[in-house]
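Engineer: I need the structure of the sequence given here:
(3 chains)
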Amino acid sequence: MAEPSVLLVADLAGTFAFALNGALTAIRAVHVDIVGVIALGLITAVGGGIIRDILLGALPPATFVDWRYLAVAAAGGLLAFWFSPMLGRFTRSIDVLDAAGLSLFAVTGAAKALDLGVGPVQAIILGAITGVGGGTIRDVLIQRVPGVLSSGLYAIPALAGAMVVVIVVSTSPADRVFEAPVALLGAGTCFLIRVLGLYYSLDAPKPPRTS
Amino acid sequence: MAEPSVLLVADLAGTFAFALNGALTAIRAVHVDIVGVIALGLITAVGGGIIRDILLGALPPATFVDWRYLAVAAAGGLLAFWFSPMLGRFTRSIDVLDAAGLSLFAVTGAAKALDLGVGPVQAIILGAITGVGGGTIRDVLIQRVPGVLSSGLYAIPALAGAMVVVIVVSTSPADRVFEAPVALLGAGTCFLIRVLGLYYSLDAPKPPRTS
Amino acid sequence: MAEPSVLLVADLAGTFAFALNGALTAIRAVHVDIVGVIALGLITAVGGGIIRDILLGALPPATFVDWRYLAVAAAGGLLAFWFSPMLGRFTRSIDVLDAAGLSLFAVTGAAKALDLGVGPVQAIILGAITGVGGGTIRDVLIQRVPGVLSSGLYAIPALAGAMVVVIVVSTSPADRVFEAPVALLGAGTCFLIRVLGLYYSLDAPKPPRTS
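Structural biologist: Modelled structure (predicted):
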């Protein structure tokens, strides 16, 4: 593992970005009250990690047990609640923050899955789920088809970032290989694809339609 | 713990109220058949406890293992199935029963969470989830934005009742403090706020809107 | 247990049918991309078994750990992605394949639940959940009221097939009774009811309506 403090700060930053973005999305989509805004911010931020930990059997889930994740996520939700009209101006910056969160979650999720001994394919899937799971639950709760299933590049960068981590760790002879460089390489891959996808409005292929 | 028999009867009464109310809500909202009515009644009644037990890692979930909860919940669902047209007259009474169920679930949920050693904030959240989780899953299944996120006071009384339990138990020097008085105090707090909220149609604050 | 190889092949065939059918349903219902098609195929195929294993506390879930289920399910989803316009002609055959999957999942789900020591009622419910759970999650994700709650005979055949298994195994004096004949009897019961239901467009009873 990389130095705990670096990974932790990165993970908390991702949590904050996800909560802020998740709560703002909820406020714009449906009429929710303060309970709904904070709950949806929290779920967006920690939901993916909770699904991962349930599938790994690592219960109670880490992000639920550690009050720092809950506190940071609640702060993101509250900020969205109070300042949503003003935050409309920062959509671009929030998207970039969200891409950073996605990258970090995909990488730390895949690393945790490998640590707990699942196979490489499962670790890649769990990395992606850590990144996209929270937003998926939020979208279901606010009655939208989850964005990750239909448009933009969101799962693909997460899968790519997780795959980088899994390949490097699996093919490395050393014992303690999930060091900061691997994390950075994986997160950088995810971040780059995500931001390019946003910038050029790229979409994944769609199934052929009968005309 | 309070005398098991008192807590159990209270818990089963709450389960019945939740199943009845959950099934009636489903019947009014969508065209469901008998399978759907009973399934949605069951899910409303035991869903919150199941989410709590998953997050606590206390699997299999208590309400799923104990056939009495399933039987009482199925009875509530069947009653709703057969008598839904007649039950329209009792909306007010069913709302009060549902408030009682919410209060009991919030209190027993928080107490179980403390018992299993999670922190105070997590215990309060798990108490509230025990109360509101089942109805949330039901609302997702019948394609509604969960009421708990958008209108009325539903999560707030559950959080308040759970908080009372957590504060009293955490600050008490004695060992066996989750006695009947604590349970009653917590449940009474939740029940009072919920019923006042219903009576005066109170709502939680909404986020500011750009005009 | 029956010979592992027979059960395994049957289970993988069911997984493939569910993934194909689940992905086709998603393609027809909403605009999803390749990520969405494969994810929804996977979820339809392994979602029911995952819910069962969570409720049994048997984590990580078997269908998630075993790469063969993931591979077969992904293949079903990919096939749906590439050939969906052509597959429209085979709706009837796919429905029959899906009925076979439902039957196998109900039977293997109930048998696994009994193996892990839950009560007979819970084993029947878990058998049915194994069969209907994946499609239910898919329907929630694509914003439909789950078909299992509202129309056709889908949960009822699954419950019947699981019940046959539970009754035979519970009343049998022998030790190793979940042999191929029991599995076939249970699966045959489910398959027959499901196919008759499809053929005659049978529905479960609906709640009385106030006119």
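
Engineer: any idea how far chain B is from the spatially most central residue of chain A?
Structural biologist: For chain A, A:G131 is the residue whose C-alpha lies nearest the centre (C-alpha atoms, centre = their mean; 2.7 Å). Distance of A:G131 to chain B, given as C-beta to the nearest C-beta, to the nearest Å: 20 Å. From N, CA and C alone the C-beta is placed, and that goes for glycine too.

Engineer: Please determine how far that residue is located from chain C.
Structural biologist: From A:G131 to chain C the distance is 12 Å (C-beta to the nearest C-beta).

Engineer: A:V148 now?
Structural biologist: Taking C-beta to the nearest C-beta, one finds A:V148 at 7 Å from chain C.

Engineer: now A:P120
Structural biologist: For A:P120 relative to chain C (C-beta to the nearest C-beta), the value is 9 Å.

Engineer: Need the pLDDT of A:P4.
Structural biologist: With respect to pLDDT, A:P4 scores 59.

Engineer: quick one on the thing from earlier: ok, the residue nearest to the centre of chain A touching A:A158?
Structural biologist: Yes - if you go by C-beta atoms under 8 Å, A:G131 and A:A158 touch, sitting 3.9 Å apart.

Engineer: Need the overlap of contacts for those two.
Structural biologist: A:102-103, A:105-106, A:190 (C-beta atoms under 8 Å, 6 or more residues apart in numbering or on different chains).

Engineer: Helix or strand next in line after the host helix or strand of A:A23, which one?
Structural biologist: Assessed by DSSP states H and E, A:A23 sits inside helix A:4-29. Using DSSP H and E, the helix or strand that directly follows helix A:4-29 along the chain is helix A:34-56.

Engineer: Report the distance from whichever helix or strand comes after that following helix to the chain centre.
Structural biologist: Going down the chain from helix A:34-56, the next helix or strand is helix A:62-65, by DSSP H and E. Computed by C-alpha atoms, centre = their mean, to the nearest Å, the chain-centroid distance of helix A:62-65 equals 15 Å.

Engineer: So is helix A:62-65 next to chain B?
Structural biologist: Yes - Helix A:62-65 is in contact with chain B by C-beta under 8 Å from any C-beta of the partner chain, via A:64-65.

Engineer: and that helix, what does it pack onto?
Structural biologist: Applying 3 or more C-beta pairs under 8 Å, 6 or more residues apart in numbering or on different chains; DSSP states H and E, we find helix A:62-65 packed against helix A:34-56, helix A:67-87.

Engineer: can you tell me the average pLDDT over that helix?
Structural biologist: Helix A:62-65 comes out at a mean pLDDT of 89.

Engineer: Equivalent analysis for stretch A:192-203, please.
Structural biologist: Mean predicted confidence for stretch A:192-203 is 91.

Engineer: So that stretch, near chain C or not?
Structural biologist: Yes - using C-beta under 8 Å from any C-beta, a contact is recorded between stretch A:192-203 and chain C, made by A:D203.

Engineer: on that earlier part again, what's the ChimeraX line that selects buried ones from the shared contacts of A:G131 and A:A158?
Structural biologist: The following ChimeraX line selects those of the shared contacts of A:G131 and A:A158 that are buried, judged by 16 or more other C-beta atoms under 10 Å in any protein chain shown:
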select /A:102,103,105,106,190
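
Engineer: closest to chain B among the shared contacts of A:G131 and A:A158?
Structural biologist: A:F105 (18.8 Å; C-beta to the nearest C-beta).

Engineer: following the helix or strand encompassing that closest one, which helix or strand shows up next?
Structural biologist: Assigning secondary structure by DSSP H and E places A:F105 in helix A:91-115. Next helix or strand after helix A:91-115 toward the C-terminus (DSSP H and E): helix A:120-141.

Engineer: Can you tell me which residues in chain A are near chain B?
Structural biologist: So far as C-beta under 8 Å from any C-beta goes, chain A lies against chain B at A:26-27, A:30-37, A:39-40, A:50, A:54, A:59-61, A:64-65, A:67, A:70, A:80-82, A:84-85, A:88, A:140-143.

Engineer: Try it again at 6 Å.
Structural biologist: Contact residues (C-beta under 6 Å from any C-beta of the partner chain) of chain A with chain B: A:27, A:30-37, A:59-60, A:64, A:67, A:81, A:84-85, A:140, A:143.

Engineer: For A:K112, give me its contacts.
Structural biologist: Counting by C-beta atoms under 6 Å, 6 or more residues apart in numbering or on different chains, A:K112 touches no other residue.

Engineer: Just the pLDDT at it, thanks.
Structural biologist: pLDDT, read off for A:K112, is 91.
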